[in-house]
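> Generate coordinates for the sequence data below:
(chains A and B)
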Number of protein chains: 2
Amino acid sequence: MTKFDEATQAIRVDDGTYDVCIDPGYAIGGPLNGGYLMAVILRAAVDASPFEHPVSTTAQFLKAPVPGPAQVRVEPLKAGRTAAFARATLVQDGVAQIESLITTATLNDVEPVYAEKSAYDMPALEDCAKLPDPKPESGMTLNAQMELLFDPPTIGWLKGEPTGRPESRAYFRMAEPQDPDPYVLALAVDCLPPVVFSAGARGWAPTVDLTWHLRALPAPGWLTLLGSGRLVVDGWFDEEVEVRDSTGRLVAQARQLARVGRG
Amino acid sequence: MTKFDEATQAIRVDDGTYDVCIDPGYAIGGPLNGGYLMAVILRAAVDASPFEHPVSTTAQFLKAPVPGPAQVRVEPLKAGRTAAFARATLVQDGVAQIESLITTATLNDVEPVYAEKSAYDMPALEDCAKLPDPKPESGMTLNAQMELLFDPPTIGWLKGEPTGRPESRAYFRMAEPQDPDPYVLALAVDCLPPVVFSAGARGWAPTVDLTWHLRALPAPGWLTLLGSGRLVVDGWFDEEVEVRDSTGRLVAQARQLARVGRG
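Down below sits the predicted model:
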């Protein structure tokens, strides 16, 4: 069991209740990363489902849970022949922290009828760049769990040279040896610096809600994360993340609605 | 009050319960259009919210409700300063039909910080084409409620000439005089023929779940619906619909996960 598997473990207490322990190692400053928290919820939801894979997940981020014990409550809504629907809630100290609707199914590894090629050619791995390590006092513990190698212009904001468009693109893998799976993908769709940093914004950009679809099981190796946004207005922005595996296959599609930071 | 306003009316019975009447005029063959049903749910959810606009809606289509009385049950989850979260369920004969999570906020009409232009230039209205009127026995009552003028290649499948890519693009307005609003947008994001028809598929393509974001309040006039898909595999496809208003502004973004029809 990898560190990530352990940090996302959900232990069945009874029908519909799972004990989890929120790990301090996935923090982005004060709060915990939303993708990590979705992975925790998905462990419980998939365990409670007759199917194997979380093909669709929507999460509303009501509150910011803290490291330590919590529960996931799963309410099955309907199970059909090809898909099952459930509501799952992350609860801490009796208070709902994240509300989610999850659709599960079992994906088969078959040839696609139609597969759009990636609209963007990433530079080679060796031409990509890391972010500087965060200062220990920043509380950015998430950074140590994963390796992100960025398409250089999309971290130009670091040097005061944002591209002027909401965008963020990087290769991704876990820092420890771990093949990507649907839970790693849940983390991956929400681990880029906010795309609005490239449009000149800074500061904590809280996710309001996020929906992602698992489209195929990822092959081992690096994932490619292509993040973009179409509209930044009145404090709101969209962040779209397309994830491709090492073979170029589309494995996840996500869109979140978030607030522009004030900082 | 327009016919659509009436067909989507939700009458408050008590805290959290709304009576609705599902209108037979929004059917696509046997089932009712998912966008219309979302509009009904949103009427209740917005009435129960301290905010004015449904900025994010996720719906899981558990069952196919039938025309006639039904209820929407709204469970407020959290209301903050800028957004409120709620769960809303469409219930008929005591059985949940559609489960949804809705985020509400109040959008202000201000200049965007960043706005991506449409990636596609639609042909002029007069160069677009209608679908033939459905036969009365088809049960396609929805078609009479709206006007859709299609980018011609994206209905080439009608003549046995699909483009080979999942795509569907059209101008949209309600058939009766009605300015677009968030409820009309709920209908608009799910009213195109399935994008997979252009990739060669046919038949009833049921939506499994759909998430859409309201990004701005639409100006009066025609809407432009740009539908596409990236992956058709193992019976699953994604349908992405971007909606722009008559001024070119991005007003809604939707993605649904659906099943390919059997023929």
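
> if I look at the residue nearest to A:G25 when sequence neighbours are not counted, how far off is A:K3?
Among residues not flanking A:G25 along the chain, A:T141 sits closest, at 4.9 Å (CB to CB, 6 or more residues apart in numbering or on different chains). Backbone N, C-alpha and C define where each C-beta goes, glycine included. For A:T141, the distance to A:K3 equals 12 Å [CB to CB, to the nearest Å].

> These two: who's more crowded?
More crowded of A:T141 and A:K3, by other CB atoms under 10 Å in any protein chain shown: A:T141, with 19 against 14.

> is it true that the residue nearest to A:G25 touches A:G29?
No: with contact defined as CB atoms under 8 Å, A:T141 does not count as touching A:G29 (9.5 Å).

> Break down the stretch 151-263 of chain A into its helices, ranges please.
Remark: helices assigned in the stretch 151-263 of chain A by DSSP state H, counting those that start in this stretch are A:182-188.

> Up against chain B, what does it have?
Proximity of the stretch 151-263 of chain A to chain B, by CB under 8 Å from any CB of the partner chain, involves residues A:164-166, A:196, A:199-201, A:208-209, A:211, A:213, A:215-216, A:229-238, A:242, A:250, A:253, A:255, A:257, A:259-260.

> could you flag which of these are buried?
Buried residues within these, counting neighbours by 16 or more other CB atoms under 10 Å in any protein chain shown: A:165-166, A:196, A:199-201, A:208-209, A:211, A:213, A:215-216, A:229-238, A:242, A:250, A:253, A:255, A:257, A:259-260.

> Is the longest helix seen in chain A positioned near chain B?
The longest helix of chain A (DSSP state H) is helix A:34-47. No: if you take CB under 8 Å from any CB as the test, helix A:34-47 misses chain B, and the best it gets is 12.7 Å.

> I'd like the next helix or strand past that helix.
Remark: after helix A:34-47, the chain's next helix or strand is strand A:53-61, criterion DSSP states H and E.

> Could you tell me the angle between the helix or strand following that next one and strand B:53-61?
Per DSSP H and E, strand A:53-61 leads on to strand A:68-79 as the next helix or strand towards the C-terminus. Put simply, strand A:68-79 runs at 60 degrees to strand B:53-61, going by axes from the mean of the first three to the mean of the last three CA atoms, to 10 degrees.

> List of residues touching strand A:68-79?
For strand A:68-79, the surrounding residues in contact (CB atoms under 8 Å, 6 or more residues apart in numbering or on different chains) are A:10, A:13, A:16-22, A:40-41, A:43-45, A:48-50, A:84-92, A:97, B:60, B:62-63, B:96, B:99.

> So in that sheet, which strands flank that strand, and in what orientation?
Paired strands of strand A:68-79, with direction, are strand A:17-22 (antiparallel), strand A:84-92 (antiparallel) (DSSP bridges).

> Give the burial count for A:L210, as a bare number.
Neighbour count for A:L210, taken as other CB under 10 Å: 27.

> in the sheet, who's paired with it?
Per DSSP bridges, the residues bridged to A:L210 are A:A59, A:Q256.

> pLDDT at it, what is it?
Note on A:L210: pLDDT of 98.

> Next, work out how far apart A:G139 and A:P31 are.
Using CB to CB, A:G139 is found at 9 Å from A:P31.

> ok, these two, which is more surrounded?
For A:G139 versus A:P31, the count of surrounding residues by other CB under 10 Å is larger for A:P31: 18 against 14.

> what's that one sitting at in phi/psi?
Phi and psi for A:P31, reported as degrees, to the nearest 10, are phi -70, psi 160.

> residue contacts, it?
By CB under 8 Å, 6+ apart, the contact list for A:P31 reads A:64, A:204, A:206.

> Show me what the mean pLDDT comes to for stretch A:109-120.
Stretch A:109-120 carries an average pLDDT of 94.

> now the strands for chain A?
For chain A, the strands defined by DSSP state E cover A:10-14, A:17-22, A:53-61, A:68-79, A:84-92, A:95-105, A:114-115, A:146-150, A:167-174, A:207-214, A:223-228, A:231-233, A:236-244, A:250-259.

> Next, the angle strand A:95-105 makes with the second one.
When you say that, I think you mean strand A:17-22. Calculated by the same axes, to 10 degrees, strand A:17-22 forms an angle of 110 degrees with strand A:95-105.

> In strand A:17-22, which residues are buried?
By neighbour count on 16+ other CB under 10 Å, the buried set for strand A:17-22 is A:17-18, A:20, A:22.

> For chain A, which residues score under the pLDDT cut-off?
Along chain A, the parts satisfying pLDDT under 70 run over A:263.

> wait, A:S49 sits on A:A88?
No: when contacts are counted by CB under 8 Å, A:S49 is not listed as touching A:A88 (10.1 Å).

> more crowded one of those two?
Taking other CB under 10 Å, A:S49 and A:A88 do not tie; A:A88 has more neighbours (29 against 23).
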